[in-house]
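# here is my input, please return the structure:
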Amino acid sequence: MTAREKLIQAGVRNLVEYGYPHCDSENILTDMIYSRFFESMLRENKGHGREIDDAIDGLVKEIASKRPKELKEPKGTKKAGK
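Here you go, the predicted model:
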């Protein structure tokens with residue numbers, strides 16, 4: 001099992017224990033609530049070795065890429081240079 005798979009498995013287990021029984025390895029990366037909690041858990045666990053940190057960085061990027069565009073940038077926010 002890869003570090004990525006272990007992190008997802010641990011995240012699902014934590015969210016189920018926190019009272020989200022429908023969380024699974026698929027929707028933990030796409031569901032707005034599950035992914036926000038999971039991303040927070042991931043960021044809190046940085047610093048446990050390069051392999052884990054690389055897997056965390058990859059999962060955080062994956063979660064961000066699946067987030068709807070309107071949730072990526074707050075309304076009324078302008079990008080630099082525009």
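# ok, how many other residues are close to Ala3?
By other C-beta atoms under 10 Å, 18 other residues sit near Ala3. (Each C-beta comes from the backbone N, C-alpha and C, glycine too.)
# ok, now which ones touch it?
Residues counted as contacts of Ala3 (C-beta atoms under 8 Å, 6 or more residues apart in numbering) are 51-52, 54-55.
# Val60 too?
With C-beta under 8 Å, 6+ apart as the criterion, the residues that contact Val60 are 39, 42-43.
# next: Ala10.
Contact partners of Ala10, counting by C-beta under 8 Å, 6+ apart, are absent.
# CA atoms of stretch 5-21 as CSV?
Coordinates of each C-alpha in stretch 5-21 appear next as CSV, following Å, rounded to 0.1, in the frame of the first residue of the first chain:
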residue,chain,number,x,y,z
GLU,A,5,-3.4,5.1,0.0
LYS,A,6,-2.5,4.9,3.7
LEU,A,7,-3.3,8.6,4.1
ILE,A,8,-6.7,8.2,2.4
GLN,A,9,-7.5,5.2,4.5
ALA,A,10,-6.6,7.0,7.7
GLY,A,11,-8.6,10.0,6.6
VAL,A,12,-11.7,8.0,5.9
ARG,A,13,-11.4,6.2,9.2
ASN,A,14,-11.1,9.5,11.0
LEU,A,15,-14.1,11.1,9.3
VAL,A,16,-16.2,8.0,9.9
GLU,A,17,-15.3,8.2,13.6
TYR,A,18,-16.1,11.9,13.6
GLY,A,19,-19.7,11.1,12.5
TYR,A,20,-19.5,11.0,8.7
PRO,A,21,-20.5,7.3,8.1
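# give me the average confidence score over that stretch.
Predicted confidence along stretch 5-21 averages 97 (mean pLDDT).
# ok, stretch 67-81 next?
Mean predicted lDDT for stretch 67-81 stands at 57.
# no further questions, thank you.
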